[in-house]
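Enquirer: predicted model and sequence below, questions to follow.
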Amino acid sequence: MADIFISYARSTATQAQAVARALRAQGYGVWLDDAIPAHRAYADVIEEELKAAAAVVVLWSAEAVKSQWVQSEADHAREAGKLVQLNIDGAMLPMPFDRIQCADLAGWTGDVDAPGWRRVADSVAALAGAKTATPAAVVEALPQSQSKPSLAVVPFANLSNDPEQDYFVDGVVEEIVSALARFKSIFVIAAGDNLMSDGKAMSPQDAARELGVRYVLEGSVRKAGGRVRIAVHLVDASSGAEIWADRLDDTMEDVFALQDRIAARVAGVIEHAVQDVDTHRAAARPTANMSSYDLWLRALSLFRLSRKAEMLTAIDLLDQAIALDPDFALAMSTSCVCRRQVIDHRWSDDPEQVRRRGLELVERALWLAGEDARVVCEVAISLPGLEGNLDRAVVLADRALALNPASAFILMASGSLRLKCGEPDVAAKQLEAAMSLDPISTMNGFMRMYLATARFQQQRFDEALALFRTTTLRLPISYAVLAALHGHLGQKAQALEALAQFESQSIGTIEEAARIWFPRPRERELFLDGIALAEGKSPAA
């Protein structure tokens, strides 16, 4: 018998499932009428479950008000003193239920911190007792369309041969979990001491089975004298394969600052490392019956190629993801970035339609997830192309950094915006920080390309060229910057080759690229002077 019985009208089955997921995530057993065995009489099972449940949650709606079944179940719960009511569409409740407190959940999308839901949860806890959900139950309760990569941080091993140092090891793990929790695209849990057996950590596979997660972050801490060494390993629990590993050595002069640095280093790389693995998984799956998250991953892999056909396909996949889950803010913000690329590179015959839809998604994404750092950041970098507003873009990028200063992606994106603002010194610092946080993922090529552009704006031409040579990643604009760079260095043959690459990939002109990518006069003049030198002309006076 379940703790909670849910009564609802058939037309609100989706909302009933969302309520059930939220309650299961809190540790309750929940019964819905889709669990009636085929060999049992409908009325008999309902009566048994109603009597056994500690609380009966009734979802009132226009159809439920007319349903004799819902009214009968609600009346039974009222008489037994275990009725919890919520209203999902503003329908007027029938007597006597209109005289009993009812939580307003109109428009509720599953947010467990919403005031209406807190009222429901508190009432259920008062009737059925407070529960502590297992991590596996929480992961299982996530909606399929919103499922995220799930990661458990297991206790780190103390290799110092000094039990007195356990406090430091625990502090390191706590800081890492706190930093990772800022990434809304990953579901993170702290494993706790229950994963220790006979003083030894469980294997990643055993930990994953216990916790119901896909990835495990494990590590060790060795402290000797005034120095500490911390090793971390990110493991794919299903295969046992190591996805990423690192070792950090530092002094113990400032323990708290050291813990912060370790947390930032781990958090900065994990998001992309996990997403890269998930992207490969999604690409290997058949396209039928894909979830919104899978569609977003496929779109993300195509977006990173920065080519017309792939970008248009990415937008189509993101449209499908949003259709499956109208509240998937991350799919909306990623679509905004894709649409900005289409406009910048003139890849559409109807750029105004692309722009209008992009701006619609900008506002919807911010409304749905204004505290999600990645969503805010993606909206920020889409605005220069969609809205032509650098000032608003920078404000949003700063907000994203405040929400999650340990994100390599956000540091990279903010750096790219600062380049457009003619602030190469700020951009270079942010891009260098991004590269140190994330030295291995697929995003690192973008970071080096943007840093090369920052060095170009700083007129540190040799350093810029060295950076360009470390990556094969090329956007059309990067070939134009490379041409200007060779022009300033007096390397005419290489400059003309890069210019030809730009012209083969872009349907726009150098002048148009200069207006888009170098809005400020000083940087635009430096760029156009380099192009003039590449073409054997004199720079503008």
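Expert: Here it is on my side, so go on. Residues are numbered from 1 along each chain as shown.
Enquirer: domain boundaries for the protein, per the record?
Expert: 4-132, 144-267, 474-541 (automatic domain parsing).
Enquirer: distance check, Leu297 against Pro149.
Expert: Counting by CB to CB, to the nearest Å, the gap from Leu297 to Pro149 is 10 Å. Placement of C-beta: from N, CA and C, glycine included.
Enquirer: could you do Ala263 as well?
Expert: Ala263 sits 19 Å away from Pro149, going by CB to CB.
Enquirer: is it true that Glu523 touches Gln457?
Expert: Yes. Assessed by CB atoms under 8 Å, Glu523 is found in contact with Gln457 at 5.4 Å.
Enquirer: what do the two both touch?
Expert: Applying CB atoms under 8 Å, 6 or more residues apart in numbering, one finds that Glu523 and Gln457 are jointly contacted by 419, 422, 424.
Enquirer: dihedrals phi and psi, the closest residue to the second one other than its chain neighbours?
Expert: Using CB to CB, 6 or more residues apart in numbering and skipping the chain neighbours, the partner closest in space to Gly422 is Arg520 (3.5 Å). With angles defined as degrees, to the nearest 10, Arg520 sits at phi -90, psi 140.
Enquirer: I'd say Arg520 and Arg418 touch.
Expert: No. With contact defined as CB under 8 Å, Arg520 does not reach Arg418; the gap is 11.0 Å.
Enquirer: quick one: which of these two has more around it?
Expert: Set Arg520 next to Arg418 and count neighbours by other CB atoms under 10 Å: Arg418 wins out with 24 against 14.
Enquirer: gap between the more buried one and Arg307?
Expert: Per CB to CB, Arg418 is found 26 Å from Arg307.
Enquirer: same question, Leu23
Expert: Distance from Leu23 to Arg307, counting by CB to CB: 46 Å.
Enquirer: how confident is the prediction for Leu195, by pLDDT?
Expert: You'll see Leu195 listed with a pLDDT of 50.
Enquirer: begin at 462 from now on, thanks
Expert: Happy to do that; since the first residue is 462 now, the last one works out to Leu656.
Enquirer: output the below-cut-off pLDDT ranges for the stretch 862-1002 of the chain.
Expert: Residue ranges of the stretch 862-1002 of the chain with pLDDT under 70: 900-903, 933-935, 967-968, 1001-1002.
Enquirer: repeat for the stretch 512-661 of the chain
Expert: Residues of the stretch 512-661 of the chain meeting the criterion pLDDT under 70: 570, 592-609, 625, 628, 639, 643, 645-646, 651-661.
Enquirer: at 50 what do you get?
Expert: 605-607, 655, 657-660 (pLDDT under 50).
Enquirer: just the helices in it please.
Expert: Counting by DSSP state H, counting those that start in this stretch, the stretch 512-661 of the chain has helices at residues 523-527, 529-541, 576-589, 596-602, 627-641.
Enquirer: just put those in CSV and tack on mean neighbour count and distance to Asp494.
Expert: Output for the helices of the stretch 512-661 of the chain, formatted as CSV (neighbours: other CB atoms under 10 Å; distance: least, CB to CB, whole Å):
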stretch, mean neighbour count, distance to Asp494
helix 523-527, 17, 13
helix 529-541, 17, 9
helix 576-589, 17, 19
helix 596-602, 18, 19
helix 627-641, 19, 39
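Enquirer: Gly701 is nearest to which of those helices?
Expert: Gly701 lies closest to helix 596-602 among these, at 19.0 Å (CB to CB).
Enquirer: what's the neighbour count on Gly701?
Expert: Residues lying near Gly701 (other CB under 10 Å) number 12.
Enquirer: ok so it is a helix residue?
Expert: No. Applying DSSP: H, G, I helix; E, B strand; the rest coil, one finds Gly701 to be coil, outside a helix.
Enquirer: how close does it sit to Asp667?
Expert: 11 Å.
Enquirer: Gly577 against Ala564, yeah?
Expert: Yes. Counting by CB under 8 Å, a contact exists between Gly577 and Ala564, whose distance comes to 4.7 Å.
Enquirer: list the residues that contact both of these two?
Expert: Both Gly577 and Ala564 are in contact with Leu547, where contact means CB under 8 Å, 6+ apart.
Enquirer: okay, the shared contacts of Glu984 and Gln918 in TSV with neighbour count and secondary structure next?
Expert: Output for these, formatted as TSV (neighbours: other CB atoms under 10 Å; DSSP: H, G, I helix; E, B strand; the rest coil):
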residue	neighbour count	secondary structure
Leu880	25	helix
Gly883	18	coil
Pro885	22	helix
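Enquirer: of these, closest to Ala961?
Expert: Looking across these and measuring by CB to CB, the closest to Ala961 is Leu880, at 24.2 Å.
Enquirer: mind listing what the residue lying closest to that closest one once chain neighbours are set aside touches?
Expert: In space, and not counting its chain neighbours, Leu880 is closest to Ala888: 4.7 Å by CB to CB, 6+ apart. Listed by CB under 8 Å, 6+ apart, the contact set of Ala888 reads 876-877, 879-880, 911, 915, 918.
Enquirer: buried stuff in the helix or strand hosting Ala888?
Expert: Assigned by DSSP states H and E, Ala888 belongs to helix 885-898. Using 16 or more other CB atoms under 10 Å as the test for burial, helix 885-898 gives 885, 887-889, 891-892, 894-896, 898.
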